[in-house]
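1. turn this into a model:
(one chain, ligands or ions: 1)
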Amino acid sequence: MEQVHPPVTPPATPPATPSIQFRDIPEAGIDRALSLAYLVFHESPEDEKRKHHRDLLLDCVRIGAYDGEELVGFLAAFPFTVSVPGGELPCPGLTFVSVAPTHRRRGVLSGMIAEMFAKASADGAPIASLWASEAVIYGRFGFGPGTHGSTVEIDSRRPLALRITPDDRPLRLLDPSEVPDVLGPYYDRTRTGPTGRAGRLARTEAWWREEWMAEKDEEDDELSPPRVVTVVNPAGPSPIAGYAIYRTKTHDDAPGLVRLDDLEADTPAVAAALWRYLAAIDLTGTVRAWGRPQDDPLLLFAADRDQVRVTSDFPALWIRLIDVRAALSARSWAAPVDAVLDVRDDRLPANAGRHRLTASPDGCAYERTDDPADLTLDVRDLAAAYLGGTEITALVRAGLAEEHTPGTATALDAALRTALLPHTVDEF
Ligand SMILES: CC(=O)SCCNC(=O)CCNC(=O)[C@H](O)C(C)(C)COP(=O)(O)OP(=O)(O)OC[C@H]1O[C@@H](n2cnc3c(N)ncnc32)[C@H](O)[C@@H]1OP(=O)(O)O
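-> Next comes the predicted model:
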């Protein structure tokens, strides 16, 4: 006899053990929270690093999960501001997410994230973000990959072959103490405005000093301190026309490595000058740029794509639309669209259901409606599309969004499109 299978439903996370309570971690509890984080991340940092983490956490929202008096879960959120198309938004950045090995898979993380969403809502932050340790974890909480990065490797044992002529203005190395003043305003223009990329964090002076100019690299203590090279711009309103931040390491028996962390340039010719400089550093044979935008012009103006290779692509900044209406209203729109979206959102039901999106370069309205849906999708996929990094038509082709009215996905793509792909290189 033919067997009838019940419909497949994903297993629900059990509510956190009733004895678990969620509350803020006071300043006096930061050390205990860090000890839990080091336990789950298998780290035993030196005093200096521990102090650095403690300082960072002072400014963060800190949520703890307690079993009686025992701290069994910890989640922190940086008070970031992130660029979105046409502007920027407050955006808590989740970090240090840790659950004690004795309390795994009992809904502790789920409970802490629910607390975090409630706090973000109360603080008026329509979106939240994170970098995931494992890509499988955060989709179920409504996070989607809003930006992607590419690792690009250059074989620099021979001169970098280029199809364009590099800018010939002088290069100058900056002292780290100059970096916030010189690079800060320049970097800000790469986040917002007509040539800005969405997905970029605002960097405070402290963030420049302590994260970007930290003497020691967090992950590889064989790397040199950060080096900063700029293209000098004597005539322009900005003293520089571009910059690159990198660290190096050499080997006794093989050519060394230049690890590029950030590079921005006014023009392709300035970018070419910086790439050529990086590829020509003595005693090195590889440039590894770990987090480039997927539309980096280098990939087109490199003359030899065997010499310049993309070795990996990865989700970078995961985005959660906590208040879909506020998030959609806060971004700019490249073309008119009028469509009813049916959004699925199990974790934050206020976002769920049918809404009419009427957007154009003049503004955006997003109101609840009883009209039939033109397109149905999950809030995590809407988050992936929000900054312009994932196309709705691609989601339809992948079976993740359902188009009920033909042409809706194409119209949404035209409206969501940004001149440059979103990009994030501040990992936290
Ligand atoms: C932004 C960051 O900080 S990223 C860093 C994340 N932290 C780590 O990787 C540290 C080591 N890991 C941990 O501390 C924990 O395992 C955590 C935080 C990843 C998960 O905490 P838990 O309390 O066990 O999660 P919780 O019980 O709430 O699980 C929620 C759901 O996620 C799933 N899940 C949780 N972790 C994982 C994982 N690593 N892989 C696959 N699924 C997972 C659970 O199965 C559950 O699924 P369900 O809703 O279908 O039932």
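
2. spell out which parts of the stretch 101-250 of the chain neighbour the ligand.
-> When proximity is defined as Cβ under 6 Å from any ligand atom, the stretch 101-250 of the chain approaches the ligand at 104-110, 130, 132-134, 136-137, 140. From N, CA and C alone the C-beta is placed, and that goes for glycine too.

3. list the ones among these that fall in strands.
-> Judged by DSSP state E, the subset of these located in strands is Leu130.

4. show me just the buried residues among the residues of the stretch 101-250 of the chain next to the ligand.
-> 106-110, 130, 132 (16 or more other Cβ atoms under 10 Å).

5. possible to save these as CSV with pLDDT?
-> As requested, these are arranged in CSV below (pLDDT from 0 to 100):
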residue, pLDDT
Arg106, 94
Gly107, 94
Val108, 97
Leu109, 97
Ser110, 96
Leu130, 98
Ala132, 97
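
6. and which of those is nearest Ala334?
-> Checking those against Ala334 by Cβ to Cβ gives Leu130 as the nearest, at 27.0 Å.

7. got the contact list for that closest one?
-> 93-95, 97, 138, 143, 317-318 (Cβ atoms under 8 Å, 6 or more residues apart in numbering).

8. which non-adjacent residue is nearest the residue in the stretch 201-350 of the chain that the ligand sits nearest to?
-> Residue nearest to the ligand within the stretch 201-350 of the chain: Trp318 (8.0 Å; Cβ to the nearest ligand atom). Closest residue to Trp318 apart from its sequence neighbours, by Cβ to Cβ, 6 or more residues apart in numbering: Phe143 at 4.1 Å.

9. hey, what's the one you found bridged with?
-> Counting by DSSP bridges, Phe143 is bridged to Arg320.

10. just the local confidence number for it, please.
-> Looking at Phe143, its pLDDT stands at 98.

11. pretty sure it contacts Leu382?
-> No. In this structure, Phe143 is not within contact of Leu382 by Cβ atoms under 8 Å, at 11.3 Å.

12. max-length strand in this protein?
-> Longest strand of the chain, by residue count under DSSP E: strand 70-84.

13. can you list the buried residues in that one?
-> 71-78, 80-84.

14. what of stretch 413-422?
-> Buried residues in stretch 413-422 (16+ other Cβ under 10 Å): 413, 415-416, 418, 421-422.

15. so which of those comes closest to the ligand?
-> So of the buried residues of stretch 413-422, ranked by how close each gets to the ligand (Cβ to the nearest ligand atom), first place is Pro422, at 18.6 Å.
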